[in-house]
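# Show me the folded form of this:
(chains A and B)
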Protein chains: 2
Amino acid sequence: MDIMVQKFGGTSVGSPERIQAVAERVLKTQAQGTQVVVVVSAMGDSTDDLIVLAKKLNPTPYGREYDALISTGENISAALLAMTIQAKGGQAISLTGPQAGVKTQDLHTKAKILTVDTTRIKQELQAGNIVIVTGFQGVNSRNDVTTIGRGGSDTSAVVLAAALKAPVCEIYTDVDGIYTTDPRAVKSASKLSEISYDEMLELASLGAKVLHPRSVECAKENNIILHVRSSFSLDEGTWVKENPTMESTRAVTGITLSEEEAMISVEGIPDQPGYAGQLFSELAKAAINVDMIIQSAQNHQTHSTNTITFTVQEEDLAQALQITETTAKTMGAQNVQSEKNLGKISIVGVGMISKPGIAAQMFKTLGDNRINLKLISTSEIKISCAIDRKDAKQALAILHTAFQLDKVTV
Amino acid sequence: MDIMVQKFGGTSVGSPERIQAVAERVLKTQAQGTQVVVVVSAMGDSTDDLIVLAKKLNPTPYGREYDALISTGENISAALLAMTIQAKGGQAISLTGPQAGVKTQDLHTKAKILTVDTTRIKQELQAGNIVIVTGFQGVNSRNDVTTIGRGGSDTSAVVLAAALKAPVCEIYTDVDGIYTTDPRAVKSASKLSEISYDEMLELASLGAKVLHPRSVECAKENNIILHVRSSFSLDEGTWVKENPTMESTRAVTGITLSEEEAMISVEGIPDQPGYAGQLFSELAKAAINVDMIIQSAQNHQTHSTNTITFTVQEEDLAQALQITETTAKTMGAQNVQSEKNLGKISIVGVGMISKPGIAAQMFKTLGDNRINLKLISTSEIKISCAIDRKDAKQALAILHTAFQLDKVTV
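Numbering: from 1, shown residues only, chains lettered A, B, ... in the order given. Coordinates of the predicted model:
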């Protein structure tokens, strides 16, 4: 019998009424002749409430106790869903990460899942149960509960699908699929029927919040097809898989906008190896996430120097600037400059590899609209530009139209 | 090194401020050169809130999922207390029932604790940790979380004290000890400095809510001295132990009142064996708790009949009456009568065994005040009388004075 893994996020189990709806959907799936494994997040904002409580008592509550605390939200929603299914005449059992055999690294708050011992899950499925597994958590070699970091429940679901050899993992959320861009920002954004893993990875990394990049990576590695859909309707959502049929026809699949960007430039760095490494190690030690990085060389008469420019989240700017200035001094660099109030706009599509001129079209479209490019960075399937934040929303709309993503049913 | 077990109830960990206070107290105990094991209940009413939520989704949510749900409250308070101790510079670790090796029967919602594998607790104590164990929960042979029923955290604490060979178990609560009667009902009630296990058992069974009878029984069996005291002050509370020094001097140690009682009489039962057993089996099947039972015989010319009278909680009266009437018919009994609006007053004291006339003094005191006795039941250390509910509070005050329990420092 086929196994279906269905994951429901915090909004989908956010109230007794929503839990009832999930129970009915899950029972319907089982009635179609499938064994069902359900992965749940904590109800609504309950985990955030626990974090607030914890920080009152300990401002830096990381590690083992933090995980013991914040993993309880998933235990609650899993048990409630199981008893709701039972109330409707179904057979269900909730399993915590440890009970479900989800073994992680010893590390706390962001452990990686190492293996899944599916013995108990399979026993419970054989016994006719809908098996509800708490997302976001596992157990380490010390028999302590661990959590696996942000986006954890998506990853839990995909890992379980892989371990159980389920071909498809359904991700139920509060939107009805993946869009060409954020529908709140661009009204004409259209829902994609399919998207490739790589495109989804870029979109997720660039700020599309529907799926965590880690879960997409895991799906790609294990060849699990993801179906991202709404828990509020029966409509199909977006299929995330290798080589979707659309791949060859469309150059750009989606556009994302990330606001709150800032930029730092270090100018006149003596051209000697190791400087970039030193700078970005210092920033990493302070847990500052560096995004776009550009290096350019200047040749003078007697020597060469380099300029390194990079972007950070604006909230990290002050700290990043301080670290950069200190490091620049030890490097013998001439000058450090910074700029705030930036945004980053990115176009993503596997088609752009085989279609020349996409980058040119992007730059020309922005230029025709007098939008100035501060920084450009590209990958095989993505082009990102830093621009003034005040131009960001306009740029998004213009590019969405220019790349023919408006109101298209892909 | 000595081990001290300290148990804190829901009120004692009911807010961040209360958790701070518990952390400080526990650290102080450790600083006195003791290894400390702390048992915690869930914060305030959090478990009741979960039960309300559960009943919305499943009106009869008993069993495995119910336990998985309601055990989460203790996980939260234990982790919060551990991180609070850490914030104050202490070393602490929270252990769930399963992690602490608390093995129970397979049964859910009221499992008995079978054994405690103290390996992990001892390791963590050796490592210098204050070990915080979730009360009320354990693990069964299927690796599922169980809960151990009402009063569970007190019992968890006593069982752990026994397993760890701790001589004393401190029970911190929101009152400062055990009183001769409920201080809210009788202003002159006095705090007992000591009480025997047997007296405490009777008082607890009769409605003194401070300690659950089960925990007292467990303390008696394992010879663990209990110290019931307030988490809001440093004053000594009441010591519960074998043969307290006061035993020989005092006939009556405490008086309890239970209102909400009702009475049923079955008259004219043919004098044949098995009738009482049949009746009370039927009531037990319906989970009706029968309290006082009296049987009297009537000798007629040609035959003998019996009258059985018993009390139940008034909320159970309608159902109990229905079952009794059905059973009475099959018995060939003549008549079933019932009475509502009763109360039960009980005097308790190990001293009454060796002091004749205590029962007489009780009956006479009540009679002198025109309080009518409906039913009397006695044990070695307890005399209970059913009386009209309207007389109950007066009876309590009168007896409290008559047995010289007023404002005494025992």
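# make it CA atoms for all contacts and neighbour counts henceforth
Fine.
# Please enumerate the helices of the stretch 201-350 of chain A.
Per DSSP state H, counting those that start in this stretch, the stretch 201-350 of chain A carries helices over the ranges A:213-222, A:275-285, A:317-331.
# Please work out which of the ones you listed is packed deepest.
Among the helices of the stretch 201-350 of chain A, the stretch with the highest mean neighbour count (mean count of other Cα atoms under 10 Å in any protein chain shown) is helix A:213-222, at a mean of 20.
# So which elements touch that helix?
Contacts defined by 3 or more Cα pairs under 8 Å, 6 or more residues apart in numbering or on different chains; DSSP states H and E place helix A:213-222 against helix A:152-163, helix A:197-205.
# Let's see the last one as PDB, backbone CA atoms only.
Once side chains and other backbone atoms are set aside, the C-alpha atoms of helix A:197-205 remain, and they are given as PDB (Å, rounded to 0.1, in the frame of the first residue of the first chain):
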ATOM      1  CA  TYR A 197      13.700  21.800  -7.100                       C
ATOM      2  CA  ASP A 198      16.500  24.200  -8.100                       C
ATOM      3  CA  GLU A 199      14.100  27.100  -8.800                       C
ATOM      4  CA  MET A 200      12.200  26.400  -5.600                       C
ATOM      5  CA  LEU A 201      15.500  26.500  -3.700                       C
ATOM      6  CA  GLU A 202      16.400  29.900  -5.100                       C
ATOM      7  CA  LEU A 203      12.900  31.300  -4.500                       C
ATOM      8  CA  ALA A 204      12.900  29.900  -1.000                       C
ATOM      9  CA  SER A 205      16.400  31.200  -0.200                       C
END
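# That one versus helix A:213-222: what angle between them?
Orientation of helix A:197-205 against helix A:213-222 (axes from the mean of the first three to the mean of the last three Cα atoms, to 10 degrees) gives an angle of 170 degrees.
# can you give me the mean pLDDT across helix A:197-205?
Mean pLDDT, computed over helix A:197-205, is 85.
# and it, how far from the chain's centre?
Offset of helix A:197-205 from its chain centre (Cα atoms, centre = their mean, to the nearest Å): 8 Å.
# So for B:G101, which of the helices and strands packed on helix A:213-222 sits nearest?
helix A:152-163 (27.3 Å; Cα to Cα).
# what's the angle from the next helix or strand after the closest one to helix A:213-222?
Remark: after helix A:152-163, the chain's next helix or strand is strand A:168-173, criterion DSSP states H and E. Counting by the same axes, to 10 degrees, strand A:168-173 lies at 170 degrees to helix A:213-222.
# now what about strand A:168-173, what contacts it?
The contact list for strand A:168-173, computed with Cα atoms under 8 Å, 6 or more residues apart in numbering or on different chains, reads A:4-9, A:11-12, A:154, A:157-158, A:161, A:210, A:224-231.
# The helices of the stretch 201-350 of chain A: lowest mean pLDDT?
Looking at the helices of the stretch 201-350 of chain A, the lowest mean pLDDT belongs to helix A:275-285 (a mean of 85).
# which helices and strands does that one pack with?
Using 3+ Cα pairs under 8 Å, 6+ apart, helix A:275-285 is in contact with helix A:317-331.
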